[in-house]
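*Asks:* Show me how the following folds:
(one chain, ligands or ions: 1)
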Amino acid sequence: MMRTDGYLLDNRQTEAAEHFSAFAALFDPTTFRHLEELGIGSGWRCWEVGAGTTVVSWLAKKVGPTGRVVATDTDTARLASAARPPVEVRVHDLGAQEPPGEGFDLVHARLALVHVTDRERALRSMVKALRPGGRLLVEDADPALQPLLCPDEHGPEQQLANRLRHGFRGLLADRGTDLPCGRTLPRQLRDAGLTRVQADAYFPLTSPACAALESVTIRQIRDQLVTAGLATDQDIDRHLENVMSGALDLTTAPMISAWGRKQ
Ligand SMILES: C[S@@+](CC[C@H](N)C(=O)[O-])C[C@H]1O[C@@H](n2cnc3c(N)ncnc32)[C@H](O)[C@@H]1O
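*Replies:* Numbering: from 1, shown residues only. Just a heads-up that it's a prediction; the model follows:
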């Protein structure tokens, strides 16, 4: 073992930070637009589930000193710097615990519900936490709805990119990830008792943040792709060079945003 635990931890933290900043660059504008349309404003009490730091800071500004933002996650390490009024940071497992309060005007979860096995229970918990008339916004990707990394597959670089994306999706499916999760959200929100349910989807067709997300994802799953015989090290090196060259139009899985109101 040449590497210490500390070294490995640093690596994990760097990669996680790269992931979170790519998610923020890709999806914050859509999330903020939805939250504005739901009426977010001064004095609101919000629960941000599986919290992203940029969303927490944005919510804190919107609700101001008379509001409240409860930011929860099973791992709150990255949220430490955000933990000052109106933000409260709490360790909380959406899939296993009662909500961290009641009477919220807004509950929001982005890319978090997909990680919970008992989603029905998790949704019931989020709805329970709302005041009557309160709003729930749940956002999750749907990697099966648009499975390609390069929809414009016009050369060998794009073909390689799509082949590796296909392999990645296979690894996710093998691990039990529910690939068509996003599209089921409107139905799940209605089943949880919400009214006025609506949903839409967003995905960029090309963006530097897609390249950043692809680069960190491929570096993280490299060994698994090679071990499963889905790619060679040469394939992966070539793909990473193509990604970094900026010549590929890379996209992501569509992000489904679904929202509704508690009666
Ligand atoms: C892909 S990240 C998304 C983070 C952030 N919402 C965003 O969009 O940038 C998923 C987050 O959900 C958290 N998470 C996973 N399972 C959870 C659970 N059962 N309860 C609460 N948070 C959970 C993870 O720790 C992680 O911070």
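
*Asks:* hey, where'd the strands end up in this structure?
*Replies:* 45-49, 68-73, 87-91, 104-110, 130-141, 195-202, 255-261 (DSSP state E).

*Asks:* now for the ones you listed, which one comes closest to the ligand?
*Replies:* Taking C-beta to the nearest ligand atom, strand 104-110 is the member of the strands of the chain nearest to the ligand, at 3.7 Å. For glycine as for every other residue, the C-beta is placed from the backbone atoms N, C-alpha and C.

*Asks:* Return the residues of the chain in contact with the ligand.
*Replies:* For the chain, the contact set with the ligand under C-beta under 6 Å from any ligand atom comprises 20, 23, 50, 52, 73-75, 93-95, 110-112, 115-116.

*Asks:* can you list the strands of the chain in a markdown table and add mean neighbour count and mean pLDDT?
*Replies:* Putting the strands of the chain into a markdown table (neighbours: other C-beta atoms under 10 Å; pLDDT from 0 to 100) gives the following:
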| stretch | mean neighbour count | mean pLDDT |
| --- | --- | --- |
| strand 45-49 | 26 | 98 |
| strand 68-73 | 24 | 98 |
| strand 87-91 | 18 | 97 |
| strand 104-110 | 25 | 98 |
| strand 130-141 | 21 | 97 |
| strand 195-202 | 15 | 98 |
| strand 255-261 | 23 | 98 |
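
*Asks:* Make CSV out of those and add distance to residue 60.
*Replies:* As requested, the strands of the chain are arranged in CSV below (distance: least, C-beta to C-beta, whole Å):
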stretch, distance to residue 60
strand 45-49, 9
strand 68-73, 5
strand 87-91, 5
strand 104-110, 13
strand 130-141, 17
strand 195-202, 24
strand 255-261, 21
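
*Asks:* which intervals of the stretch 151-263 of the chain have sub-threshold pLDDT?
*Replies:* Applying pLDDT under 70 to the stretch 151-263 of the chain flags residues 178-179.

*Asks:* on that earlier part again, who wins for proximity to residue 215 among the strands of the chain?
*Replies:* Within the strands of the chain, the stretch nearest residue 215 is strand 130-141; the backing value is 17.8 Å (C-beta to C-beta).

*Asks:* How about the contacts made by the nearest residue to residue 198 once chain neighbours are set aside?
*Replies:* The spatially closest residue to residue 198, leaving aside those adjacent along the chain, is residue 259, at 6.1 Å (C-beta to C-beta, 6 or more residues apart in numbering). Neighbour list for residue 259: 34, 38, 135-138, 189, 197-199 [criterion: C-beta atoms under 8 Å, 6 or more residues apart in numbering].

*Asks:* how near is residue 259 to residue 69?
*Replies:* Distance check for residue 259 against residue 69: by C-beta to C-beta, to the nearest Å, it reads 18 Å.

*Asks:* Also residue 207?
*Replies:* For residue 207 relative to residue 69 (C-beta to C-beta), the value is 28 Å.

*Asks:* likewise residue 195?
*Replies:* Using C-beta to C-beta, residue 195 is found at 25 Å from residue 69.

*Asks:* Same question for residue 151.
*Replies:* Using C-beta to C-beta, residue 151 is found at 37 Å from residue 69.
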